[in-house]
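>>> Predicted model, plus sequence, below.
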Amino acid sequence: MAEAAVGDLLDRRAVRLTAQAADREEAVRLCGQALVGIGAVDPSYVDSMLERERSISTYVGERVAIPHGTLAGKDAVYRDALCFLRFPDGVDWGDDASVSVCIGIAAAGGQHVGILAQLAQILLDPDRAEALRSATDVDTVLALLQPSTEDATA
């Protein structure tokens, strides 16, 4: 089966452009709740995301974190999906890192590896990463998460 483009996995209902969180645990919980809200995961997946975050940070640089569940949590995934939460005020992620964008992943099986790889390609472009951090409308976010032709050939 062909791998879906990350932009195709993002339901516009799971985009929050003015989210607020007191800390990274609350930010991860909000990501999980967004995935629950679109019917992509069982509520138990949120605990799996928090467990992953406690074991290893999902911070990837460029003020972006990519929270996702543990391997054990994959049974709580109904369908592959993403959420996008922008924290204009930033969230302290520890280790002197501040996050302004969280892209939550729900993926069954090993699909999360391909999704992470696609997101990494997008985020390696500093201009696109900055555009995501400053996006103020859903259509911009959806467009920025579509792989470019350069991404597809990389």
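Received it, and whenever you're ready, just let me know what you need. Numbers count the residues shown, from 1 in each chain.
>>> Quick one: classify Val60 as helix, strand or coil.
strand (DSSP: H, G, I helix; E, B strand; the rest coil).
>>> quick one: contacts for the residue nearest to it when sequence neighbours are not counted?
Sequence neighbours aside, Ile66 is the residue nearest to Val60 in space, at 5.6 Å (criterion: Cβ to Cβ, 6 or more residues apart in numbering). C-beta here means a position set from N, CA and C on the backbone, and glycine is covered the same way. Under the criterion of Cβ atoms under 8 Å, 6 or more residues apart in numbering, the neighbours of Ile66 are Thr58, Val60, Cys102, Ile103, Gly104, Ile105, Leu116, Leu119.
>>> Remind me what the helix or strand harbouring the last one packs against, helices and strands.
For Leu119, the element it lies in under DSSP states H and E is helix 111-123. With contacts defined as 3 or more Cβ pairs under 8 Å, 6 or more residues apart in numbering; DSSP states H and E, helix 111-123 has these neighbours: helix 6-9, strand 59-61, strand 97-106, helix 126-134, helix 149-153.
>>> got the buried residues for stretch 106-123?
Using 16 or more other Cβ atoms under 10 Å as the test for burial, stretch 106-123 gives Ala106, Ala107, Gln111, His112, Ile115, Leu116, Gln118, Leu119, Gln121, Ile122, Leu123.
>>> Tell me which two in those residues are the farthest apart.
Within the buried residues of stretch 106-123, two members stand farthest from each other by Cβ to Cβ: Ala106 and Gln121, at 19.9 Å.
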